[in-house]
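Q: any chance you could fold what I've pasted below:
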Amino acid sequence: MRKHLIYAGLFLAAIGFSACDEDFKDWADPQSNAQQDALGQLTATYAAGKDANIVMDAATTDSVEIVKMASTTAEAGSLIKINSLTLNGTYTVPYAVKSGNIVKVSLAQLDSVTQLAYKSRASVSRELKIAVKASATTAAGQGIQLSGNEVTINLKPGATPAVDPAGYYVVGDFKGWNASGAIAMTKDPNNENLYTLELDNTGNSYFKFFPASAIDGSNLNWDKALGSAVDGDTSGDNFIIWANTQAIKAELVGKIKITLDVTNYRFTVKDNSAPTELYMTGSAYAWGGTWNQFIPVNSTKGAFWGIYYFTANDEVKFAPQAGWGNDFGFAATISDASVQLAGLSDSGGNIKVGKSGWYLVYVSVVGNDRVVAFEKPNIYLMGDTSYGGWNSPLVDQDLFTIPTAANGEFVSPAFVKGGEVRICVHPETAATDWWKTEFIVLSGKIAYRGNGGDQERVQGQTGQKVHLNFTNNTGRVE
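A: Here you go, the predicted model:
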């Protein structure tokens, strides 16, 4: 059973190496031949090997045959060479080629790749689509690339321990490596196989998971421990093992959240001092009937923004998930400027908006500090097409017009020249680099950068304008 366990380090170390001998000895000896342009469209047709449906718990060999070449249009006498093997478009695995162009791989490696591809150790059949690249060398010595087809096989990972209906505990440096130090985890109300624990960490704390059945009074059954394959695993997101388990290490200082997923047998350790998501609901959204998701401020912990239209007397609250729990309203820190601009007031703990109109709403949640600001919804052109170019600070000549109607459009100034169209908002409450609150228009929709990297470039021409409708999240450049 041990050989079926996943070892991500072993897998990563082996990625990208292949061999053409059946005994798998030369995986770390890269081979390549320069290829000339193809003469026409020559093909190789592949079929699934004899081991096309693999069940790990029933496996009796260390390697499996997953692909075989069925035919090729290369001229008779050509030497066919398989150059690469890719699974599900992303993953590679070491392989060997038997005579007859049959591809053979290590069963343990294939199991590891399957689990990585699906981020799951669940014992359910998983589909693997295999793409093969091959070439032919003619009798005259000319190299020709061969196009081919995908092959589909299936692999079912081995069985995982039965889920303990009584729940799970964390045992470790937090309160002691014994039964009395076990801390009960909380079952997620929306996922009966997901357990969480929120606590304060002083840093560098080691721990393991235990099912409730492992705890009997003051006795702790160490044979039932769940943990990591590597002692001191600091990845923060990895697979759980249940044989020869090592301790997981929580390095984060302060509020952390530990999760245990006993469907996929994975764990996470994350910073819990600030939410990674933020939502708003209120009287206009049937108080929870709709939760509007805010945009993260790029690389800024706990900070979010959104542009919304409010009607006088609308009431709102915020929460770190699309549902009730840890929600807040007027108890947050709200500046006098926000109160004056939007006519904000306290309505039973809700934030009540006294003046109709469009607002840029900025929210920051870090620990117990919660800040809410209602600001004028200033949107700016930035970069090549703008008046101010790439310089800072932003200038009024690049401001969009602000509509008065709930379904109105924000419209940019005409582009001063052609080039990349870049757009941003600029919250005054926490002035930050423009790209941290950037967005653009893609395929008729407003696309927000959030915590992502550089977005796809959109080109504009001199004299064009950007039109934005935040009610339906659409936009256009014309």
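
Q: hmm, residue 187 is touching residue 197, no?
A: No: counting by Cβ atoms under 8 Å, residue 187 does not reach residue 197; the two are 11.0 Å apart. For every residue, glycine as well, the C-beta is placed using N, CA and C.

Q: quick one, which of those two is more surrounded?
A: Between residue 187 and residue 197, counted using other Cβ atoms under 10 Å, residue 197 has the larger neighbour count: 21 against 15.

Q: direction included, what does whichever strand or helix holds that one pair up with?
A: Assessed by DSSP states H and E, residue 197 sits inside strand 191-201. Paired with strand 191-201 in the same sheet, following DSSP bridges, are strand 186-188 (antiparallel), strand 254-261 (antiparallel).

Q: okay, those strands in a markdown table with mean pLDDT and distance to residue 398 next?
A: A markdown table is the format used below for those (pLDDT from 0 to 100; distance: least, Cβ to Cβ, whole Å):
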| stretch | mean pLDDT | distance to residue 398 |
| --- | --- | --- |
| strand 186-188 | 95 | 46 |
| strand 254-261 | 95 | 39 |
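
Q: out of those strands, deepest packed?
A: Of all the strands paired with strand 191-201, strand 254-261 has the most neighbours on average by mean count of other Cβ atoms under 10 Å, namely a mean of 19.

Q: now render the strands paired with strand 191-201 as TSV, adding distance to residue 128.
A: Output for the strands paired with strand 191-201, formatted as TSV (distance: least, Cβ to Cβ, whole Å):
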stretch	distance to residue 128
strand 186-188	30
strand 254-261	22
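
Q: quick one: mean pLDDT over stretch 305-320.
A: In this model, stretch 305-320 carries a mean pLDDT of 98.

Q: from the chain's centre, how far out does that stretch sit?
A: Averaged C-alpha coordinates place stretch 305-320 at 28 Å from its chain's average position (Cα atoms, centre = their mean, to the nearest Å).

Q: between the two ends of it, how far is it?
A: Taking Cα to Cα, to the nearest Å, stretch 305-320 runs 13 Å from one end to the other.

Q: next one: stretch 323-339
A: For stretch 323-339, the end-to-end distance is 26 Å (Cα to Cα).

Q: next one: stretch 266-277
A: 21 Å.

Q: so what touches that stretch?
A: 119-121, 198, 209, 228, 236-240, 248, 250, 252, 254-261, 293-294, 296, 301-302, 320-322, 365-367 (Cβ atoms under 8 Å, 6 or more residues apart in numbering).

Q: domains of this structure?
A: 2-156, 168-271, 279-375, 379-477 (automatic domain parsing).

Q: distance from the third one to the middle of the chain?
A: By that I understand domain 279-375. On Cα atoms, centre = their mean, the centre of domain 279-375 falls 26 Å from that of its chain.

Q: that one spans what distance, first to last residue?
A: 18 Å.

Q: one more: stretch 341-351?
A: First-to-last residue span, stretch 341-351, Cα to Cα: 14 Å.

Q: do the same with stretch 193-208
A: Terminal residues of stretch 193-208 are spaced 17 Å apart (Cα to Cα).

Q: any residues touching it, and which ones?
A: So stretch 193-208 is contacted by 163, 167-168, 170-174, 183-188, 225-227, 232, 245, 247-263, 272 (Cβ under 8 Å, 6+ apart).

Q: filter those residues to the buried ones?
A: 168, 170-174, 183, 185, 225-227, 245, 247-250, 252, 255-256, 258-262, 272 (16 or more other Cβ atoms under 10 Å).

Q: looking at those, which are in helices?
A: Assigned to helices by DSSP state H, none of the buried ones among the contacts of stretch 193-208 qualify.

Q: just the ones of the residues you listed in strands?
A: The strands, defined by DSSP state E, take in 168, 170-172, 183, 248-250, 255-256, 258-261 from the buried ones among the contacts of stretch 193-208.

Q: any chance of those in a markdown table, plus distance to residue 47?
A: Conversion of these to a markdown table gives the following (distance: Cβ to Cβ, whole Å):
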| residue | distance to residue 47 |
| --- | --- |
| 168 | 45 |
| 170 | 49 |
| 171 | 50 |
| 172 | 50 |
| 183 | 53 |
| 248 | 43 |
| 249 | 46 |
| 250 | 48 |
| 255 | 54 |
| 256 | 50 |
| 258 | 46 |
| 259 | 42 |
| 260 | 41 |
| 261 | 36 |
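
Q: out of the residues you listed, which is nearest to residue 433?
A: Minimum separation from residue 433 among these (Cβ to Cβ) is found for residue 255, which lies at 26.8 Å.

Q: low-confidence regions, this structure specifically.
A: Along the chain, the model assigns pLDDT under 70 to residues 1-41.

Q: what number of residues are in the vicinity of the nearest residue to residue 186 once chain neighbours are set aside?
A: Ranked by Cβ to Cβ, 6 or more residues apart in numbering and with sequence neighbours excluded, the top spatial neighbour of residue 186 is residue 196, at 5.3 Å. Residues near residue 196, counting by other Cβ under 10 Å, number 17.

Q: any idea how far residue 115 is from residue 196?
A: Remark: distance between residue 196 and residue 115 (Cβ to Cβ, to the nearest Å) = 22 Å.

Q: what of residue 185?
A: Residue 185 is 23 Å from residue 115, where distance means Cβ to Cβ.

Q: cool, residue 422 as well?
A: Residue 422 is 41 Å from residue 115, by Cβ to Cβ.

Q: please apply the same query to residue 416.
A: For residue 416, the distance to residue 115 - Cβ to Cβ - is 54 Å.

Q: neighbour count winner among the two?
A: residue 115 (24 against 17).

Q: pretty sure that one sits against residue 238.
A: No: Residue 115 is beyond contact range of residue 238, at 11.0 Å (criterion: Cβ under 8 Å).

Q: which strand or helix spans residue 109?
A: Assigned by DSSP H and E, residue 109 belongs to helix 107-118.

Q: just the CA trace of that helix, in CSV.
A: Written as CSV, here are the backbone C-alpha positions of helix 107-118 (Å, rounded to 0.1, in the frame of the first residue of the first chain):
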residue,chain,number,x,y,z
LEU,A,107,2.5,2.9,-11.9
ALA,A,108,3.4,4.9,-8.8
GLN,A,109,4.3,7.9,-11.0
LEU,A,110,1.1,7.7,-12.9
ASP,A,111,-0.9,7.5,-9.7
SER,A,112,0.9,10.6,-8.4
VAL,A,113,0.2,12.6,-11.6
THR,A,114,-3.5,11.6,-11.5
GLN,A,115,-3.9,12.8,-7.9
LEU,A,116,-2.0,16.1,-8.7
ALA,A,117,-4.1,16.7,-11.8
TYR,A,118,-7.4,16.4,-9.8
